[in-house]
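Q: Sequence plus the predicted model coming up.
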Amino acid sequence: MARLPAESTQQAVGYPSLFLLVTLGALVPVIPTGALVSSAAVVALHQTAPLALLHVFVVASLAAFLGDITLYWLGQRGVRSRNGSRWLAELKSRAAPERIAQAQEKLAEHGVTVLVLSRLVPAGRIPVMLACLLARMPMRSFVRGDVPACLAWAATYQLIGVLGGSLFDEAWQGVALAVALTVVISVAPALWRRLRHGRPDSAGGRA
């Protein structure tokens, strides 16, 4: 019975904090939002509240969506402005030109469905958002693709947390595993790209 007040306090503080951090992480892509959602899912898994996991999913999805549409709105202002904007320049600085070009090709081929995959692929959200901005995609079309993207993103990272948390009796152990898994997921594609692009160079050097 002593756990109930503690859990109530955790929920009262945890859900608003999760919402704020995920929203900020969508606006400023340096906060590890995936790790936050996975960690919150681990904590929710070890609580007695039956709807704790559902609350984490709803909060994370809404926060990601709010952050995305806010960032897209700010980017639209930059695209329409003759001198651009700080937000648009910041977005462009966080994506390599070749990644933006690839995103533009995918957007031309598949339309808004690319948005769904962009949130599931590490470092894929910003290039695709920039491609949408440069294509002058209306906000309504962006929202249509971003809603399922945010739902799929929240579900994926929550599942990582549930899988990690179910392996341990202590919540902190599950949190540690969930964070490690999200770090590996986020770093692996960049490492693979470096290795793949490095092979021709090393072969040329030996020749």
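A: Structure received.
Q: So for stretch 20-29, what gets flagged as buried?
A: Counting neighbours by 16 or more other C-beta atoms under 10 Å, one finds that the buried residues in stretch 20-29 are 21-23, 25-27, 29. To be clear about C-beta, it is placed using only N, CA and C from the backbone, and glycine gets the same treatment.
Q: for it, what is the average pLDDT?
A: Mean per-residue pLDDT for stretch 20-29: 90.
Q: got a list of contacts for it?
A: Judged by C-beta atoms under 8 Å, 6 or more residues apart in numbering, the contacts made with stretch 20-29 from elsewhere in the structure are 31-33, 36-37, 59-60, 63-64, 66-68, 70-71, 94, 125-126.
Q: what do you get if the cut-off is 10 Å, keeping everything else the same?
A: Under the criterion C-beta atoms under 10 Å, 6 or more residues apart in numbering, residues 30-37, 40, 59-72, 74, 87, 90-91, 94-95, 119, 123, 125-126, 129, 150, 153-154 lie in contact with stretch 20-29.
Q: what about burial for those residues, which qualify?
A: The neighbour-count criterion (16+ other C-beta under 10 Å) marks 31-37, 40, 59-61, 63-69, 71-72, 74, 87, 90-91, 95, 119, 123, 125-126, 129, 150, 153-154 among those as buried.
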